[in-house]
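*Asks:* Next come a sequence and a model predicted from it.
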Amino acid sequence: FFFFFFSPPPPPPRSELEHMLQRGAMYVHGRDRCMRPILVMRAVELTKFSSEDALKLTYFWLEFGMRELLIRNRIEQWKVIVDLRDVGYTSFPVTVLKSIASSLQRNYRGRLSGMYLINMPWAINAIWQMVSPLLQETTRKKIKICDAKFAEILAADIHPNQLEKRFGGTQPDVTVSSGGYEYPTMPPPPYADPGQPGCVCVEEEGGKECVGGAVEGA
């Protein structure tokens, strides 16, 4: 793929990751208003993994997304929601997130459309200042640190029909008991509001950036 500046290591087979997939540290749920798939990261579960295992899980989902959920020259990026609920100052997985951030920037440059940090305790803002310098300016501009009104911020870019209830949407929350973490949960349309204009795509470093509503016909 022409997006890669470096080739990431091949992800391990699903069978080797089952125990991690089942915990729901990362999973795919829905698409945004431009049909980009959404990767959810639950930081409270990431604290239970080593940086190496977290990277394996990240590579697994992103490579899966590139094969199965993206469409060349039409849908080429993803959104990421990082949920920091129940994560304290001392348990914040700073090493894990640093590794993920550095790897994504190195191996998947241009693929990130936007990232939302939600449920962030005020004390963790200081740790974020340690992580953010690792990112290029273009990447930092795509990251939104959301306050208590995060549902409104998410809804501006993602239709409520594509979001779980815990994120202000209408879809049931994915849980371990529902078995919904191991495979993508892709709710049916709508992806955008009636009459919302289609996405406008422009070239950016490493790929295309699309803004606006849903793709034509969505």
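*Replies:* Perfect, thanks for sending it.
*Asks:* So which residues of this protein form strands?
*Replies:* Listed in chain order, the strands found in the chain under DSSP state E are 26-31, 37-42, 78-83, 112-118, 143-145, 200-204, 207-211.
*Asks:* quick one: buried residues of the first one?
*Replies:* Residues of strand 26-31 classed as buried by neighbour count (16 or more other Cβ atoms under 10 Å): 26, 27, 28, 29, 30, 31. Quick note: C-beta positions are derived from backbone N, CA and C, even for glycine.
*Asks:* The nearest residue to the fourth one once chain neighbours are set aside: how many residues sit nearby?
*Replies:* What it means is residue 29. Here the nearest residue to residue 29 in space, its sequence neighbours aside, is residue 185; by Cβ to Cβ, 6 or more residues apart in numbering that works out to 4.7 Å. When neighbours are defined as other Cβ atoms under 10 Å, residue 185 has 18 of them.
*Asks:* got a list of what residue 185 touches?
*Replies:* For residue 185, the contact set (Cβ atoms under 8 Å, 6 or more residues apart in numbering) comprises 27, 28, 29, 30, 171, 174.
*Asks:* what sits opposite residue 114 in the beta ladder?
*Replies:* With DSSP bridges as the criterion, the beta-bridge partners of residue 114 are residue 79.
*Asks:* For residue 175, see how far away it is.
*Replies:* From residue 114 over to residue 175 the distance is 25 Å, taken as Cβ to Cβ, to the nearest Å.
*Asks:* so where do the helices sit in the protein?
*Replies:* Under the criterion DSSP state H, the chain carries helices at the ranges 14-21, 43-46, 51-68, 94-107, 125-131, 137-140, 150-157.
*Asks:* Could you check the angle the last one makes with strand 78-83?
*Replies:* Between the axes of helix 150-157 and strand 78-83, defined by axes from the mean of the first three to the mean of the last three Cα atoms, to 10 degrees, the angle is 170 degrees.
*Asks:* What residues sit buried inside helix 150-157?
*Replies:* Going by 16+ other Cβ under 10 Å, helix 150-157 has these buried residues: 150, 151, 153, 154, 155, 157.
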